[in-house]
Each structure stands twice: as structure tokens, then as C-alpha cells.
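*Asks:* would you be able to build a 3D model of this:
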Amino acid sequence: MRITPRRLALGMSLWIPNLFSGIRIRRFSEDWTHATVELHVNVFTRNYVKTAFGGSMSAMTDPYFFMLVMHQLGRDHVVWDTRGEIEFLKPGRGVLTAEFEVSKEKAEEIRERARGGAKVLEWFETVITDREGDVVARVRREVYIREKKRVTASRD
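*Replies:* Alright, predicted model coming up:
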């Protein structure tokens, strides 16, 4: 059974670490180029000063760039989320949103750079915004991509 964007969004929203962290995956686009994720700040997800817990804001951005790349490249590549950076700009309250975008052109560029088994480390950036559209945090995630050895070997 092929996983559809809709099923993955639902499954990721119900996955215990996301469910209990107030993280909801609103959608993956049908072509795997875009994802929308929300963090609902409430009594269980806020910190000591009643704003969004920084760990939850980091968690809401963790796998989505890697997943968009992985689904666009397919099973011939190894794809991992390797590193993240977050800059907190203002307290997060209410519902926070992050949008993730990996264009088809970017995925094809990565595919070409990884051809032959080359290791590719690619940085992606997004922001976390509140309901008013104010930027709460800037986030960078590094994704590791390599063509699988069996694919590279089949070309030789």
C-alpha cells in the first residue's frame, strides 16, 4: 500500500510524540513539495512562563524537509535529517504554524548532485509564525542525501 500525503499527515498527527506535543500536520501537498504543520500551545505544551516550549517548536520542524525530499526522490536514495538550528525571536502563544517547501527543481538538483553515490548535505529554512503572521522563530534544518549503493552499482 502506497502512503498518500493525506494518510501520512493523519498518521503523523496521531503519532504519540506529535499528539502529546500539540503538533498537528495540516497537510502534505499531493506532489510532496509542501507541508503545513501547526503547534497548539496549551497547558501541556507551554513552558514555565506560559509560552511555547522551545523543544516543541523544534520538534514541529524536525522531519518535514527530509520527508518532502525523500518522497520526491523515491526509494533509490538514503535521506536523513541531520541537524537543526532555531532562533527564537518572540514568545509563541496560541497556534503556531510552519510551512515547508521543497520545489521539484530543488529535488532534481539534489538528485543530480547525489548521482554516483555522492554525499549531499543541504540546508533548508522556514519560519514559525503566530496567528497574526508575526515571526516567532527562524529555523534551519540540514538534510543528508545519498544515492543508495545498489543504484550506483547498477550503473557501473
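*Asks:* give me the low-pLDDT residue ranges for this structure?
*Replies:* Along the chain, segments meeting pLDDT under 70 span 1, 155-156.
*Asks:* for the spatially most central residue of the chain, give its distance to residue 142.
*Replies:* With distances taken as Cα atoms, centre = their mean, the residue of the chain nearest its centroid is residue 64 (1.6 Å). Residue 64 is 13 Å from residue 142, where distance means Cβ to Cβ, to the nearest Å. All C-beta atoms are positioned from the backbone trio N, CA, C, and that covers glycine.
*Asks:* so who does the closest residue to residue 127 other than its chain neighbours touch?
*Replies:* Spatial nearest neighbour of residue 127, chain neighbours left out: residue 135 (4.8 Å); criterion: Cβ to Cβ, 6 or more residues apart in numbering. When contacts are counted by Cβ atoms under 8 Å, 6 or more residues apart in numbering, residue 135 touches 89, 90, 127, 128, 129.
*Asks:* isn't the last one right up against residue 95?
*Replies:* Same thing as residue 129. No: contact between residue 129 and residue 95 fails when scored by Cβ atoms under 8 Å: they sit 9.7 Å apart.
*Asks:* can you give me the strands for this structure?
*Replies:* If DSSP state E is used as the criterion, the strands of the chain fall at 23-28, 34-40, 77-88, 95-101, 120-129, 135-147.
*Asks:* and residue 78, how many neighbours?
*Replies:* Residue 78 is flanked by 16 other residues according to other Cβ atoms under 10 Å.
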